[in-house]
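Enquirer: Sequence plus the predicted model coming up.
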Amino acid sequence: MFFDSWYDMLRVAVMAACAYAALIVVVRLSGKRTLAKMNAFDLVVTVALGSTLATILLNRSVSLAEGILALSLLVVLQFVNAKAAVHSRSYRRLIKAEPTLLLSDGRLLSDAMARQRVTESEVRQAIRSQGIGAVEDVTAVVLETDGSFSVLSRSQTGSGSSLQNIRQPTLDS
């Protein structure tokens, strides 16, 4: 249907204003880390917040108080999860992926790429997107925990200390 009633329109407008304000307050109180997309799990929580907000706005059976509680719980659980990950190495290993080296010193690491389901063309695209024309000019391509690629050219590598704690498989052909 294109239109049901003015009441429904007013309800969505009021719920949107109230739920949006509540979301801002909850996210601001929880800190910057809540919406950081540092890994895949963070992305899922961010999408869940958006889905919850949409449900609050459009589902008549969800009250504003229930919706705000749901938003708050997601943010609190994200906060607790992040806090636990900071303080417990075993918990961090359980919930977070490690970055993976896909290219080292101009050589593609086929086994690592296969394990991560990344194609050679995707690695080359990441290199091109950094304005680098030759694979040989790249020291490292890393698949980060959030699914993005980091590309370090030879001129950017420096001591290479940023490559610490990255899964570095043996070089293969």
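Expert: Here it is on my side, so go on.

Enquirer: need the helices for this structure, in chain order.
Expert: Here the chain has its helices, by DSSP state H, at 6-30, 40-58, 64-87, 89-95, 110-116, 120-129, 154-157.

Enquirer: between these, which gets nearest to residue 138?
Expert: Among the helices of the chain, helix 120-129 comes nearest to residue 138, with 5.7 Å by Cβ to Cβ. Just so you know, the C-beta spots here come from the backbone N, C-alpha and C atoms, and that holds for glycine as well.

Enquirer: what distance separates that closest one from the centre of its chain?
Expert: 20 Å (Cα atoms, centre = their mean, to the nearest Å).

Enquirer: Residues in contact with that helix: which ones?
Expert: Here helix 120-129 makes contact (Cβ atoms under 8 Å, 6 or more residues apart in numbering) with 102, 103, 108, 113, 135, 138, 141, 149, 151.

Enquirer: could you redo the last one with a cut-off of 6 Å?
Expert: 102, 103, 108, 138, 141, 149, 151 (Cβ atoms under 6 Å, 6 or more residues apart in numbering).

Enquirer: how about the nearest residue to the third one, chain neighbours excluded?
Expert: In this structure, residue 108 finds its nearest non-sequential neighbour in residue 120, 6.0 Å apart by Cβ to Cβ, 6 or more residues apart in numbering.

Enquirer: centre of the chain versus the helix or strand of the chain with the lowest mean pLDDT, how much separation?
Expert: Lowest by mean pLDDT, DSSP states H and E among the helices and strands of the chain is helix 154-157, with a mean of 78. Between the centre of helix 154-157 and the centre of its host chain there is 26 Å, according to Cα atoms, centre = their mean.

Enquirer: repeat for stretch 84-97
Expert: 16 Å.

Enquirer: then that stretch to PDB, C-alphas only?
Expert: The C-alpha trace of stretch 84-97 is given here as PDB (Å, rounded to 0.1, in the frame of the first residue of the first chain):
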ATOM      1  CA  ALA A  84      37.200  -8.900  27.400                       C
ATOM      2  CA  ALA A  85      39.200  -9.100  24.200                       C
ATOM      3  CA  VAL A  86      41.600  -6.500  25.500                       C
ATOM      4  CA  HIS A  87      42.200  -8.300  28.800                       C
ATOM      5  CA  SER A  88      42.200 -11.900  27.700                       C
ATOM      6  CA  ARG A  89      44.400 -13.200  25.000                       C
ATOM      7  CA  SER A  90      42.600 -16.600  24.700                       C
ATOM      8  CA  TYR A  91      39.200 -14.800  24.400                       C
ATOM      9  CA  ARG A  92      40.700 -12.400  21.800                       C
ATOM     10  CA  ARG A  93      41.900 -15.400  19.800                       C
ATOM     11  CA  LEU A  94      38.500 -17.000  20.000                       C
ATOM     12  CA  ILE A  95      36.500 -14.100  18.600                       C
ATOM     13  CA  LYS A  96      39.000 -12.300  16.300                       C
ATOM     14  CA  ALA A  97      40.700 -13.300  13.200                       C
END
